[in-house]
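Engineer: My questions concern the predicted model and sequence given below.
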Amino acid sequence: MLWHHVEMMRRSIEQVYPLLRVAEHRLASQYYEMYRLFKLNIDSSQRLLASETTKTQLPYCSEFMGELFERLQN
């Protein structure tokens, strides 16, 4: 759920930024920076969680962990 909301915000920023840049709006540079940082943070968070979840062995919920790991990789 969290990934979905963060990705929605990133996509919204990605769509609005070009309009702000063309209009030479004072917030254009801030939106560019937000987009860049969102992408950087999402990618590094996914790598960290993927790394940490591969170390966790929970045989009683392997189906759930498999689904979670698939989501982290996408």
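Structural biologist: Here it is on my side, so go on. Residues are numbered from 1 along each chain as shown.
Engineer: longest helix of the protein?
Structural biologist: Counting by DSSP state H, the longest helix found in the chain is helix 28-54.
Engineer: Buried residues in that one, which are they?
Structural biologist: Within helix 28-54, the residues that qualify as buried by neighbour count (16 or more other C-beta atoms under 10 Å) are 28, 31-32, 34-35, 38. In short, each C-beta sits where N, CA and C put it, glycine included.
Engineer: what does the average pLDDT come to for that helix?
Structural biologist: Mean per-residue pLDDT for helix 28-54: 86.
Engineer: chain center to that helix: distance?
Structural biologist: Relative to the mean C-alpha coordinate of its chain, helix 28-54 is positioned 5 Å out (C-alpha atoms, centre = their mean, to the nearest Å).
Engineer: From the contact counts, what lies against that helix?
Structural biologist: Helices and strands touching helix 28-54, as assessed by 3 or more C-beta pairs under 8 Å, 6 or more residues apart in numbering; DSSP states H and E, comprise helix 2-22, helix 62-73.
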